[in-house]
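Undergrad: can you look at this prediction? I've put the sequence above it.
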Amino acid sequence: MTITETHAPNPAAGDADRPIGYGRIQRKEDPRFVRGKGHYVDDIVLPGMLHGAILRSPVAHARLVSIDTTRALAHPGVVAVITGKDLLGLKLAWAPTLSADVQAVLVTDKVRFQGQEVAFVIAEDRYAARDALELIDVDYDVLTPVVDARHALDPGAPVIRDEIEGRTDNHIFDWEAGNAAETDAVFASADVIVKQEIVYPRSHPAPMETCGAVADFEPIEGALTLYETSQAPHAHRTLFAIVSGIPEHKIRIVSPDIGGGFGNKVGIYPGYILAVVGSIVTGRPVKWVEDRSENLMSTSFARDYIMQGEIAATKDGKILAVRTNVLADHGAFNATAQPTKYPAGFFHIFTGSYDLQAAHCKVTGVYTNKAPGGVAYACSFRVTEAVLLVERMVDMLAQKLEMDPAELRLKNLIKPEQFPYKNKTGWEYDSGNYERAMRLSMEIAGYDDLRREQKEKRARGELMGIGISFFTETVGAGPRKHMDIVGLGMADGAELRIHPTGKAVVRISVQSQGQGHETTFAQIVAEEIGIPPEDIDVVHGDTDQTPFGLGTYGSRSTPVSGAAVALVARKVREKAKFIAAAMLETRPEDLEWEKGRWFVKGDPSVGKTMAEIAMGAHGTVALPEGIDGNLDAEVTYDPPNLTFPFGAYICVVDVDPGTGHVKVRRFIAVDDCGTRINPMIIEGQVHGGLTDGVGMALMQFIGFDEAGNNLGGSFMDYLIPTSMEVPNWETGFTVTPSPHHPIGAKGVGESATVGSPPAILNAVVDALSPLGVTHMDIPCTPARVWAAMQGRATPPI
Amino acid sequence: MQIPAQFDYVRASTIEDALALLDRHGAESRVVAGGHSLLPMMKLRLARPECLVDINDLYELDFILPEATQLRIGALTRHSALLESTDVARLFPIVIDAERVIADPIVRNRGTIGGSLCQADPAEDLATVCDVLHAQAVVRGPGGERILTMDEFHKGPYETAVAQNELLVEIRFPIRPRSGSAYEKVERRVGDWAVVAAGAAVSFTVDGSVDDVAIGLTAVGLDGTISEAEAVLRGRRPSEVLFAEAGRLAAEASLPVDDQRGPVDYKRHLADELTRRVLRRACARALETQTTTMQEG
C-alpha cells in the first residue's frame, strides 16, 4: 500500500490541478529542461573567449622541483601557461578556504594530493589546451604520503602542511559537544553497553554537471563577471572580492542552470580562480570546465568519518546515553563548507530521535594526502554521519537485548509532548510526532507480516533482512548569531515586486541546482497573495539581480529563503491593504483578506484584487502618507532556530547466500517535513535521495592505494546506482509543522540521503544475523558482504 | 568533457576497403565499430591510435544466420540484436544470459560482438561465451580468410590473433543436439564488469549422460575452458555431487587477482559457486530442449 497525497481543497484554485498556492503542480522550470533548453555554464560562449585546462599532479605527495612550460607555450593555439610561481607574484597562489585554512590554487612548493592543480594552460580552443598539458615538463621529488587517517597523527608521520610555520603534525582540530563527565557517569551505571567502530567511508556527490566557470574581466571598468557552477553566488562574490582585491561592487557572479550540486558546488575551487586570473592576464574571457575524472578526484568529497560509537541502556531497553570519538579525515586542506563555530558540522545531532540522559562526542580532524572537502553529498552538515552512527548503534543494542528494533525505537523516541525538546548537545528540536511516523511506516511495510516471512525464510536458509532507520535532521542554518560562513551570517534576503498588471517577480538569494525553486517559491508567494504561480517569476542565481543570502546547501532553502519569501509576500499583502483602502476610500482596518483580494468587512462584493491594487499602486490614486507608489517589498530573514524534519524508513533486502549480492526488495519512506508546499517536488527529492542512499550503502567508495592514488576516478570505478538497483519506492508522510517557521515548513532536500543508508545497512546486517554477524561497514558490495558472512567483516578504510 | 589525443578518421565502405585502409594507415590505426570500449580509452588517453577506420557502414557484417549445423553471426552484429534474436535464444540461451548483463541498453545498442571479442578485455563476457560454445572466428585479410578456434583467436589480455591488416568478419557457433548452456555473473552494479562470471555449455548423449561439456570463467585470469572441471562430468549423468566437484576444480584452476571488485578468496569462491549454478542451469535447459524435441517429434 502506498499512501497517496491528499491536500485540502483550495478555495482560490481554478481547478484542483492548478492550485493558487500549495499543491501538486508541475515544475515551471521543466519545460526548458525536457526540451534541452537549459542554459548551463558550459553553454556560455562569449566573443573572443579562450579555454583553460588544468595540469594535475599524478602523485599524492611530492616536492615540486621544476616546471618547464616552453614546449606547451610553443604548441599551436596556446596563449598562456600559468604556474604557481606566476600566482605568487600576484599574491594568488593560496586562497582562503571556508574553514579558516588556506588552499593552494596552483602548487608552489609541494603537491599534497593526487589530482592537485599544478599549471593552467589557456588556449584558443579546449583541444589545444588539453593537448598542451602533455607538453609541460614537471619534475617531482616524490615523498611518502599520509593515506591512512588512523596514522595521520603518528609521531614521525610526514607533515603535510609544512608550509605553515611551526607546524609539526597533521592535527587540524579537536571539537567536543555534550558533557563527558555526565555521560561517563551514566555509562558507569548502565546495565548494557554496546560498542562498535562505525566507518562512513569517502564518497563523492558526482553531480551530472561537473564544475566550471567562465570569467570575463573588463579592464577599463575593472569589472569582473564570473559565470560559475555555484550553490552560493553571493557568498562567492564576497570571497572573490576579498581574495582578488577587485572591489565587490565590480563583481557580478552568475550561476545559470546548475546540473546538480549536492554540496559539491559550495566551495571555491582553484579552477574558478584560475579562470579569473586567466581573463585578467589575457584580457579575454576564459572558460574552464573540468572533466569527470577531475571532478571525482579533486572536488569536494563527502564523509571519511571513523566513529567509535557506544550506547548505554537498561536491560529492559531504555536507552540512556550515547558517546563517540570520531577521527575525521579532511584531506590536504581543511576546506569543508560549514558554519564557523562547527568544525564537525552538525554532527552533534548524533543523539538522534531518542530521549537520552546524556551524550558526548569528540571529533578530531586530521590532514591526509587526499583531495580536500568533507561536507558534500547532501549530508546536511554531517547529519548523515550522525544518523548512521546512532541508528546502527540502536540496531546493535536491539540485537544484544534480543528486542525487535522497531519496538526498541518506539520505546525510546521523544514523545510529542516533549517538544520543543532540548537534547544533550545543545539543539532545540522544534516539533515532532515520531511515534506516529514510525507506526505509519510499519503499517505501510506490513511490518509484522515481514517479520513472519523472514522467520519462514530463515528456516529455509534464505537471507532476508529488515532494516529500520529513524532520523531527525537539523536543517536551515542560521540563526546568524550562531552560524556564519567566513563571517557572513546565515540569513537570506528576498524581494517581491508586483507589476502594474498584477504579474509578479520574486528575487531570492538561494540558487537551485534542481530543487525546483522556480516552482516552490512561486507557490509560496501564490499562497500568501493569491496570484497564480504561473504569473510569478522566480529570479535567482545572479548577484546583480537578487538580494544577498548564503545559498543553497544543508537543506536550507525552504527553511530560510522560503520563510523570507513568505514574509516578503505578507509585507506586500499588508501594503496592498493600505492601497486598497485608499482606492476604496475606506480605512485599512475595515478591510478583510481572502486569497487574492482585500474586501470591505461585511460587504464582500466591494473589494480590490491584487491586480487592481497593483495598478492602483502605480496609477493615479492618492496614496496614504508613508506608502510608496509601488507594490514591492524586501526582507532579510534571520531564522530563530533550525528546523528538524524527521522520518521513519524501513528497508527489506534479500541477500544471495552464495554470492553475497544484496537486492533491495522494498523501501518504505515516511517523511515529515512540516507543511508540504509541492508534494510532487518533495516526492521527487525523496526518490532521488533514496537512490543516492542505495549508492552509498551498496556500492560507492572512493578508495586510495598505499601511494595515495585515487581508485575512484571514473564512473567505471565509482559507481552510480541505476533504476535496476532500486525498488519501487513506497512513500508516505505525516505533517508536523515547524512552530517557528512562518509557514511551518522544514527542509527536505537531504532527508532521504541522510535517512536511507542506515536503513539499508541495518537490513543487510539483519539478513546476516543468523550467521552471527553483528556489524559490517558500508559499502555492502558483494565481496564485502561475503566476507562478513565468513565472520571476516573489515572496515573499508 | 574528456578529450582524446588527435587522430585521423576514415570510413570504410566495404570489407576490402577496410582492409586496404588498415594496410595503408599501418600499425597505429585501429578499427572502430561500436566504440564503447575504444573511445573511453582514447578519452582517458590510455589508447592513442593515430587513425580510426570506421566499419559501421559494412552492413554485410551485420547478420544472424542459422544453418543446419551452425549459427553464423556477423562481426558487426550489435549486442541488442543478439539479445532480441529468437534464433539465438532458442539455440544458445547462454548468449542471452550474458547479453542481459553486458553494460547497459545504450552500450548494447551500439556495441558489437566483433568489437567485444577484438577488444579482448579480460573481463569480457562474450569471450567466455564463445569459449564454451566452441565458437570459430572467421578472420579476413589481404591473403583471404582464415578460420580460428577461440584458443587460436585469444592471445591474452587485450590481444588477439587478428593482425593489424585483418578484420574479424564472422563468429560461428556449432549447433549440437540435446544441448543447453548458461551464463551467470556477479557484478557490483548493473553494467559493471564482472567480479567473476561463469559460463557452461553441455550436450547429452541419447541415453542422458554428458556427451560434451565446456566450462569457462570470466575475470579470473584464465584462457580457454577448464578441462579439469569438464573431465568430471564427461560421460556421466549430471548430479549435484558432480557439479560441486566441477566447481571445486574450477575454483582451484582460477587465477584471480585482488582488486576493487573483490579479494582473491571471494573470487575463488565465486568461481566455485557460479560454476555449479551454470552447470545446473545448462543441464536443466538441455533436458528441457530434449523434452520439447521429443514432444514435437
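TA: Cool, the structure landed.
Undergrad: distance of residue A:704 relative to chain B?
TA: Taking Cβ to the nearest Cβ, to the nearest Å as the measure, residue A:704 and chain B are separated by 11 Å. Glycine gets a C-beta too; all of them are placed from N, C-alpha and C.
Undergrad: my guess is that residue meets residue A:115, correct?
TA: No: counting by Cβ atoms under 8 Å, residue A:704 does not reach residue A:115; the two are 11.2 Å apart.
Undergrad: mutual contacts of those two, please.
TA: residue A:710 (Cβ atoms under 8 Å, 6 or more residues apart in numbering or on different chains).
Undergrad: quick one: the helices in the stretch 451-600 of chain A?
TA: A:517-529, A:563-584 (DSSP state H, counting those that start in this stretch).
Undergrad: with only the CA atoms kept, save the longest one in CSV.
TA: This points to helix A:563-584. This file holds the C-alpha atoms of helix A:563-584, laid out as CSV (Å, rounded to 0.1, in the frame of the first residue of the first chain):
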residue,chain,number,x,y,z
ALA,A,563,10.5,32.0,5.2
ALA,A,564,11.9,35.1,3.6
VAL,A,565,9.6,34.7,0.6
ALA,A,566,6.5,34.1,2.8
LEU,A,567,7.4,37.2,4.9
VAL,A,568,8.0,39.5,1.9
ALA,A,569,4.7,38.4,0.4
ARG,A,570,3.0,39.2,3.6
LYS,A,571,4.6,42.6,3.6
VAL,A,572,3.3,43.2,0.1
ARG,A,573,-0.2,41.9,1.2
GLU,A,574,-0.1,44.4,4.1
LYS,A,575,0.9,47.2,1.9
ALA,A,576,-1.8,46.3,-0.5
LYS,A,577,-4.3,46.7,2.3
PHE,A,578,-3.4,50.4,2.6
ILE,A,579,-3.5,51.0,-1.1
ALA,A,580,-6.8,49.1,-1.4
ALA,A,581,-8.2,51.2,1.4
ALA,A,582,-7.2,54.4,-0.5
MET,A,583,-8.8,53.0,-3.7
LEU,A,584,-12.0,52.1,-1.9
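Undergrad: got the residues of the stretch 51-200 of chain B near chain A?
TA: For the stretch 51-200 of chain B, the contact set with chain A under Cβ under 8 Å from any Cβ of the partner chain comprises B:104, B:186, B:188, B:189, B:190, B:191, B:192, B:193, B:195.
Undergrad: so what pLDDT did the second one get?
TA: In other words, residue B:186. Looking at residue B:186, its pLDDT reads 98.
Undergrad: so it sits right up against residue A:658, yeah?
TA: No: the criterion here is Cβ under 8 Å, and residue B:186 misses it with residue A:658 at 9.2 Å.
Undergrad: more neighbours, the two?
TA: The neighbour comparison of residue B:186 against residue A:658 (other Cβ atoms under 10 Å in any protein chain shown) goes to residue B:186, with 28 against 16.
Undergrad: how about that one, what does it touch?
TA: Residue B:186 touches A:659, A:661, A:782, B:194, B:195, B:196, B:197, B:270, B:274, counting by Cβ under 8 Å, 6+ apart.
Undergrad: switch the cut-off to 7 Å
TA: A:659, A:661, A:782, B:194, B:195, B:196, B:270, B:274 (Cβ atoms under 7 Å, 6 or more residues apart in numbering or on different chains).
Undergrad: can you report how many residues neighbour the residue of chain A found nearest chain B?
TA: Residue nearest to chain B within chain A: residue A:783 (3.2 Å; Cβ to the nearest Cβ). Neighbours of residue A:783 under the rule other Cβ under 10 Å: 27.
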